[in-house]
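> Quick one, fold the following:
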Amino acid sequence: MLEWHSEEGWGVLASDALPDRVWAHYSVIQAEGYRELTVGQSVTFSAEQAEQDEYRWRAVSVWPEAGVRRAPSEGERPGYSSDLNIRFDS
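Model (predicted):
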């Protein structure tokens, strides 16, 4: 994590795998509750080539290092599920 602007909800990521810095918005952070990053924090991210402000790459998903999760493969169920059944007695 190179920089983060909490008041504006965006920041800049870097990776040796990409030639340029990557613009990231808080909405793509894969975490519960208030989503923000801190400078120097390790993250895993996926990005797409797209013009965003002066950046040529935009983050699609960002996983903070402590909470890395992978999406289930096609046909695979998620690692958790929840059901709620409500019955009314008459």
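> Surely residue 27 is in a helix?
Yes - using DSSP: H, G, I helix; E, B strand; the rest coil, the assignment for residue 27 is a helix.
> Point out where the chain drops to low pLDDT.
By pLDDT under 70, the low-scoring segments of the chain are 66-90.
> how does it look with 50?
Per-residue confidence for the chain (pLDDT under 50) gives these ranges: 67-70, 72, 78-82.
> tell me which element residue 38 is part of?
Using DSSP states H and E, residue 38 sits in no helix or strand.
> ok, now which ones touch it?
1, 4 (C-beta atoms under 8 Å, 6 or more residues apart in numbering). The C-beta positions use only the backbone N, C-alpha and C, and glycine is treated the same way.
> Next, give phi and psi for it.
Residue 38 adopts backbone torsions of phi -120, psi 150, taken as degrees, to the nearest 10.
> residues in contact with residue 9?
Contacts of residue 9 (C-beta under 8 Å, 6+ apart): 25, 26, 27, 36.
> run the last query once more with 7 Å
Shown here is residue 9, whose contacts under the criterion C-beta atoms under 7 Å, 6 or more residues apart in numbering are 25, 26.
> same question, the one 4 residues further on
By C-beta under 7 Å, 6+ apart, residue 13 lies in contact with 1, 2, 21, 22, 24, 43, 45, 59.
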